[in-house]
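Trainee: The following block contains a protein sequence and its predicted model.
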Amino acid sequence: MAAASIALPLALDTQPMEARLTDALPPGEHWQFEPKWDGFRCLAFRDGDAVELMSKSGKPLARYFPEIAEALRGLGASRFVLDGELILPVGDTLSFAALQLRLHPAASRIEKLSRETPAQLMVFDCLLLGRKALADEPLSARRAELERFMDRAAGPRLALSPCTRDRRIAEQWFAGSGGALDGVVAKRRDEPYRPGERAMVKVKQQRTADCVVGGYRLSGGTLGSLLLGLYDSEGNLNSVGFTSSFTAEDRSALLAKLRPLRGASAFTGSSPGGPSRWSQGRSREWVPLRPELVAEVIYDQVTGRRFRHGTTFLRWRPDKAPSQCTMDQLEHELRPEALTQVLEAAV
């Protein structure tokens, strides 16, 4: 259905409430804690037969996830706005890479993927149910309404995200998930929904990996980034990402440290690559190094055997042999069954 046919008190360009990153979960009795899901954040709108899913950047997503739109349209309730995360189980993991594949221009391709690997909407808040506007209500009231709604609406494509009011339990989620849980979000139960504001708190897992420094890129005549590699089970060094979190002073000193190690490329598996159509004219050329330096870095997520974002340099590891830097260090995409066991065991 066309998004233009939706006429609700909340506009389609309403932005979801966001979270600010902190080092620890907040203390106190007014907080609710939820798992942080690794997917596409969206607001789901329904007005009669008209359904739309809106990303936090304001782009419509319903055409890319027709199975979710169909599930929402099939509910008995015909007027609502839900806040949630689009996630996509593939086998026993949640795959962010499979979510990205959905953003395809061909409707036939999307339809095929929606049948073969259907997505799920993990719901954790509601802004409107029927004629009842809830955005100005405290989270405690919104959650109670949402739980009653999801008692009837839950199914293969729609699920209610678990929560706890016990900080100790939320901390146990981290300890028991083996690094698979992406993080925990904390929300004030006595506050209204604040569209577009960083009114929530999130704590993310700190994952580290020891990587071979296989090359570097220059930027403005000085060091731009270090190129990182890990060995696979066949002994090939694969490009897994980069780190660039250095001060201007550190960059000059690092460049002097790296120049004597220049040599043939050590990347015998996947390579950092050359020019890209996404580079907007920036040089993607890189300088190969002999595989002698090991750097420990902090990363957030892994997608397709690579760090999804740039990593943070932590320290050098002269005590570690490059051959010990293997792919099995990486925490891969979330396993829902394992997380379910952790959540249930912590209650």
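Mentor: Happy to help now that I have it.

Trainee: what number of residues lie near E191?
Mentor: Neighbour count of E191, defined by other Cβ atoms under 10 Å: 15. C-beta here means a position set from N, CA and C on the backbone, and glycine is covered the same way.

Trainee: Who does the nearest residue to W316 once chain neighbours are set aside form a beta bridge with?
Mentor: Excluding the flanking residues, the one nearest W316 by Cβ to Cβ, 6 or more residues apart in numbering is A295, at 6.0 Å. Assessed by DSSP bridges, A295 has beta-bridge partners C211, W316.

Trainee: could you list every residue that touches A295?
Mentor: Applying Cβ atoms under 8 Å, 6 or more residues apart in numbering, we find A295 in contact with 210-211, 213, 226, 228, 243, 313-317.

Trainee: Spell out the secondary structure type for S114.
Mentor: helix (DSSP: H, G, I helix; E, B strand; the rest coil).

Trainee: who touches it in this structure?
Mentor: Counting by Cβ under 8 Å, 6+ apart, S114 has contacts 65-67, 102.

Trainee: would CSV of these with neighbour count and distance to F40 be doable?
Mentor: Putting the contacts of S114 into CSV (neighbours: other Cβ atoms under 10 Å; distance: Cβ to Cβ, whole Å) gives the following:
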residue, neighbour count, distance to F40
F65, 27, 9
P66, 19, 15
E67, 19, 14
R102, 20, 9
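
Trainee: Of those, which is the nearest to D328?
Mentor: Comparing the contacts of S114 against D328 with Cβ to Cβ places R102 closest, at 28.9 Å.

Trainee: Give the phi and psi angles for the closest one, as a check.
Mentor: In terms of degrees, to the nearest 10, the main-chain angles of R102 are phi -70, psi -20.

Trainee: I figured it hits P66, correct?
Mentor: No. R102 lies out of contact with P66 (Cβ atoms under 8 Å); the separation is 9.9 Å.

Trainee: ok, so what distance separates R198 from P162?
Mentor: For R198, the distance to P162 (Cβ to Cβ, to the nearest Å) stands at 23 Å.

Trainee: more crowded one of these two?
Mentor: Taking other Cβ under 10 Å, R198 and P162 do not tie; P162 has more neighbours (17 against 12).

Trainee: wait, that one sits on P35?
Mentor: Yes. P162 lies in contact with P35 (Cβ under 8 Å); the separation is 6.7 Å.

Trainee: quick one on the thing from earlier: what sits in contact with each of R102 and P66?
Mentor: Common neighbours of R102 and P66 (Cβ under 8 Å, 6+ apart) are 110, 114.

Trainee: Columns secondary structure on top of the contacts of S114, output as CSV?
Mentor: Formatted as CSV, those follow (three-state DSSP):
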residue, secondary structure
F65, coil
P66, helix
E67, helix
R102, coil
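
Trainee: Among the residues you listed, which one lies nearest to R152?
Mentor: So of these, ranked by how close each gets to R152 (Cβ to Cβ), first place is E67, at 19.1 Å.
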